[in-house]
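In: could you look at this predicted model? Sequence included:
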Amino acid sequence: MVRWSTTTKRWVLTGIVIGIVWAVYRFSNLLPPIVLAILLAYILNPLVGGLTRHFRLPRVLSALLIYLGFLLLVFFALLIFIPAAVRQVQDLDINFTQVAQDLAAYLKPTLDRFSHIEVFGTVIILPLDFDQLRATLEGNLSSVGSRGVNLLFGFTSGFASGLFLIVLILFISFYLLKDGKAAAGYLSGLVPAGYEDEVRQMTREVEDVWNAFLRGQLILCGVIGLLTYVALLILGMPNALLLGVLAGILEIVPNLGPILAMIPAVVVALLQGSNTLPFDHLTFAGIVVLTYFIIQQLENNLVVPRIIGGSVNLHPIVVILGVVAGADLAGILGIFLAAPTLATLRILGRHIYLHLLEESAQPVVTAAPGPVPLAVVVVSGPKSESASSAARGVPVLGADAVPEPEMKTSASSESGSVPSNPDIVTG
């Protein structure tokens with residue numbers, strides 16, 4: 001087989017990278033279901049492995065059982081949640097016309113105050129039509145309900161059209177669960193000799209990041225959603241269940257999720273107030289803001305360090321920039337995967353950086369050690385053997401070693417002679 005030159009290898013590697021980038025761009029519509037299938041298989045893989053080891057079942061049967069259990073869990077969760085969510089939406093009794101009238105009445109003193117201005121003694125009347133403003137507010141707010149209904153029907157039709165993608169995700173993830181171990185072994189065999197330890201270490205670091213993020217994020221969403229629901233229920237917030245579920249779902253958005261979840265809660269508090277607390281709507285909205293702030297502080301200081309830990313360990317500014325870039329590249333999926341993707345790129349970048357500086361921790365193959373030559377120390381004069389050898393950096397023979405006999409050398413020249421008892425003779 002003809003060996004490729006370094007230039008040929010570089011060109012081939014460049015062509016492969018260009019081909020991968022083109023394929024990702026060309027088939028970008030298929031990336032979301034493939035990524036979701038990989039994530040689902042990655043989350044369920046420990047359950048399949050545990051079932052296979054403990055009950056000695058074939059991996060295919062273990063994957064099938066875990067899959068059936070997962071689908072049944074999702075089905076019953078939807079069966080319980082959907083009717084409750086529908087009731088919550090029906091209980092969202094907001095009179096948009098009355099809200100528009102109240103808002104217009106609240107703005108009327110301000111509009112009357114600025115209906116005219118005086119400039120250098122000249123009164124200028126501003127053309128502000130209060131009745132027209134109220135009519136505009138009533139029209140815009142009254143159409144919110146119809147827009148919500150249209151949005152609900154649009155979501156339902158979109159879900160029905162995405163049924164094929166759901167089946168595709170389940171199909172791909174099942175085969176990844178069934179054959180994932182064999183695929184991992186095949187990829188391990190492609191690692192060049194001498195790099196196994198480094199690739200194994202890098203893989204372990206990446207797995208720690210994704211394990212902590214994915215499984216921890218699922219637990220975190222459930223904890224924050226339940227905590228928000230209980231807190232809002234105590235405050236007498238209308239639609240507490242719906243707002244709690246929304247808080248749990250938006251928890252997947254790093255750093256910005258709690259703020260996004262708080263906005264609809266504040267709007268509902270301003271429009272409907274509390275069912276139990278004797279406060280006006282504005283004061284109750286302030287209490288809701290304070291409640292979400294306390295929940296976020298508990299999340300950052302107690303929940304996140306214990307569930308996710310410091311495996312991602314990214315600065316919030318870096319995460320926010322990654323979320324913005326992920327939203328632009330892959331929408332909601334890009335927002336969700338921004339933090340672990342950045343952490344993975346950081347691990348890969350560190351290893352590449354070490355290689356560029358020739359400081360990689362890859363194993364170094366050394367030749368077998370050969371025989372070490374001995375040095376015999378011969379001391380003349382009052383100096384001890386250890387002192388003489390320490391001064392010259394020469395190893396000292398053990399007590400049971402027999403030194404070679406002292407050799408006397410003499411030489412004469414026109415300028416002088418060499419001492420007959422040299423301190424060091426090497427053999």
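Out: All right, it came through fine.
In: my guess is residue 62 contacts residue 54, does it?
Out: No - at 9.8 Å, residue 62 does not count as touching residue 54 under the criterion of C-beta atoms under 8 Å. To be clear about C-beta, it is placed using only N, CA and C from the backbone, and glycine gets the same treatment.
In: and these two? Which one has more around it.
Out: residue 62 (22 against 9; other C-beta atoms under 10 Å).
In: what's the nearest residue to the more buried one if we skip its chain neighbours?
Out: residue 51 (4.2 Å; C-beta to C-beta, 6 or more residues apart in numbering).
In: tally of neighbours for that neighbour?
Out: By other C-beta under 10 Å, neighbour count at residue 51 equals 18.
In: swap in residue 286?
Out: 13.
In: cool, residue 304 as well?
Out: 17.
In: now it: which helix or strand?
Out: helix 304-307 (DSSP states H and E).
In: just for the chain, where's the confidence low?
Out: In the predicted model, the chain carries pLDDT under 70 at residues 1, 90-108, 110-161, 308-311, 358-427.
In: in it, which spans are strands?
Out: 116-119, 122-125, 375-377, 424-426 (DSSP state E).
In: what sits against residue 319?
Out: 254, 255, 338, 339, 342 (C-beta atoms under 8 Å, 6 or more residues apart in numbering).
In: the nearest residue to it once chain neighbours are set aside and residue 350, how far apart?
Out: Spatial nearest neighbour of residue 319, chain neighbours left out: residue 254 (4.7 Å); criterion: C-beta to C-beta, 6+ apart. To residue 350, residue 254 is 21 Å away according to C-beta to C-beta, to the nearest Å.
In: the more surrounded of the two?
Out: Ranked by neighbour count (other C-beta under 10 Å), residue 254 and residue 350 place residue 254 first, with 22 against 12.
In: you'd agree the more buried one is up against residue 339?
Out: Yes - the pair residue 254 / residue 339 is scored as a contact, 5.0 Å apart, by C-beta under 8 Å.
In: what residues are shared contacts of these two?
Out: 319, 323.
In: just to revisit the earlier point, save the contacts of residue 319 as CSV, and put in distance to residue 182 too.
Out: Compiled in CSV, those are given as follows (distance: C-beta to C-beta, whole Å):
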residue, distance to residue 182
254, 34
255, 39
338, 31
339, 30
342, 30
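In: and those, which are buried?
Out: 254, 338, 339, 342 (16 or more other C-beta atoms under 10 Å).
In: widest-spaced pair of the residues you listed?
Out: 254 and 342 (9.9 Å; C-beta to C-beta).
In: do you know how far residue 33 is from residue 247?
Out: For residue 33 relative to residue 247 (C-beta to C-beta), the value is 27 Å.
In: these two: who's more crowded?
Out: The residue with more neighbours, out of residue 33 and residue 247, is residue 247; 27 against 21, by other C-beta under 10 Å.
In: the more buried one contacts residue 225, correct?
Out: Yes - at 5.5 Å, residue 247 counts as touching residue 225 under the criterion of C-beta under 8 Å.
In: please enumerate the helices of the stretch 201-350 of the chain.
Out: Assigned helices in the stretch 201-350 of the chain, in chain order: 240-250, 257-272, 281-298, 304-307, 316-336, 338-356 (criterion: DSSP state H, counting those that start in this stretch).
In: and those helices, which is most packed in?
Out: helix 240-250 (a mean of 22; mean count of other C-beta atoms under 10 Å).
In: put the alpha carbons of it into CSV.
Out: Output in CSV follows, covering the C-alpha atoms of helix 240-250 (Å, rounded to 0.1, in the frame of the first residue of the first chain):
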residue,chain,number,x,y,z
ALA,A,240,-51.0,28.0,39.2
LEU,A,241,-50.6,24.6,37.5
LEU,A,242,-50.2,26.0,34.0
LEU,A,243,-47.7,28.6,35.2
GLY,A,244,-45.7,25.9,37.2
VAL,A,245,-45.5,23.7,34.1
LEU,A,246,-44.4,26.7,32.0
ALA,A,247,-41.7,27.5,34.6
GLY,A,248,-40.5,23.9,34.5
ILE,A,249,-40.3,23.9,30.7
LEU,A,250,-38.6,27.2,30.4
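In: ok and that helix relative to helix 281-298, angle-wise?
Out: 40 degrees (axes from the mean of the first three to the mean of the last three C-alpha atoms, to 10 degrees).
In: list the helices and strands helix 240-250 packs on?
Out: Applying 3 or more C-beta pairs under 8 Å, 6 or more residues apart in numbering; DSSP states H and E, we find helix 240-250 packed against helix 59-90, helix 196-235, helix 257-272.
In: which residues touch the last one?
Out: Counting by C-beta under 8 Å, 6+ apart, the neighbours of helix 257-272 from elsewhere in the structure are 92-94, 99, 224, 228, 232, 237-239, 243, 246-247, 250-251, 253, 281-282, 284-285, 287-289, 292, 295-296, 299.
In: residue contacts, residue 316?
Out: residue 255.
In: 10 Å instead, please
Out: Residue 316 sits next to 254, 255, 256 when contact means C-beta atoms under 10 Å, 6 or more residues apart in numbering.
In: now those residues in JSON lines, with distance to residue 171?
Out: Formatted as JSON lines, the contacts of residue 316 follow (distance: C-beta to C-beta, whole Å):
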{"residue": "254", "distance to residue 171": "30"}
{"residue": "255", "distance to residue 171": "35"}
{"residue": "256", "distance to residue 171": "33"}
